[in-house]
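Trainee: here you go, sequence then predicted model.
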Amino acid sequence: MSEPTSSKPARKPNPALSKPVQPDEILAKVVGSEPLSRGELTKKLWDYIKQHGLQDQAKKTNINADEALKAVFGGKSQVTMFEMTKLVNQHVK
C-alpha cells in the first residue's frame, strides 16, 4: 500500500517572520541586543520563560513576569501568551 499523496502545495515561509528585527534596550535584557528574526525572537523569549520558570503552573497560557519581563510587559505582572506577543512587538524596530 502506498501513502496517500496530498494535493496541498508546500507551505512557503513567511518572509516577514524571517526578516531581522532589532530589540530595543528593554527587550535586549531578555533576548540579547543582536538583530533576530521574529521566529528566533519568539524562541529566545520562550527559552527565557522556561529557564526562569515563568509559565503559570495553574493556567499554562499565562506568563508570570520577573523584573526584566515586567518592563517588556508595560509593568504587568502577568499576561497571556497572546497578549505577550502584542507587547513584545512594541519593543522591536
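Mentor: Noted; the coordinates are in hand. Numbers count the residues shown, from 1 in each chain.
Trainee: where does this structure dip in pLDDT?
Mentor: Low-confidence regions of the chain, defined by pLDDT under 70, span residues 1-9, 11, 13.
Trainee: need the longest helix for it.
Mentor: In terms of residue count, the longest helix belonging to the chain (DSSP state H) is helix 38-51.
Trainee: show me the contact partners of the helix or strand hosting L87.
Mentor: Secondary structure assignment for L87, by DSSP states H and E: helix 81-89. Outside of helix 81-89, the residues within contact range by C-beta atoms under 8 Å, 6 or more residues apart in numbering are 27, 41-42, 45, 61-63, 72-74, 76, 79. C-beta coordinates here come from the backbone N, C-alpha and C atoms, glycine included.
Trainee: got the buried residues for it?
Mentor: 83-84, 87-88 (16 or more other C-beta atoms under 10 Å).
Trainee: next, the angle from that helix to helix 38-51.
Mentor: Here helix 81-89 runs at an angle of 120 degrees relative to helix 38-51 (axes from the mean of the first three to the mean of the last three C-alpha atoms, to 10 degrees).
Trainee: helix 81-89: how far from the chain's middle?
Mentor: Centroid separation for helix 81-89 versus its chain: 8 Å, with C-alpha atoms, centre = their mean, to the nearest Å.
Trainee: just the buried subset of the contacts of helix 81-89, please.
Mentor: Neighbour-count burial (16+ other C-beta under 10 Å) is assigned, among the contacts of helix 81-89, to 27, 41-42, 45, 62-63, 72-73, 79.
Trainee: in stretch 17-29, which residues are buried?
Mentor: Across stretch 17-29, burial judged by 16+ other C-beta under 10 Å covers 21, 23, 27, 29.
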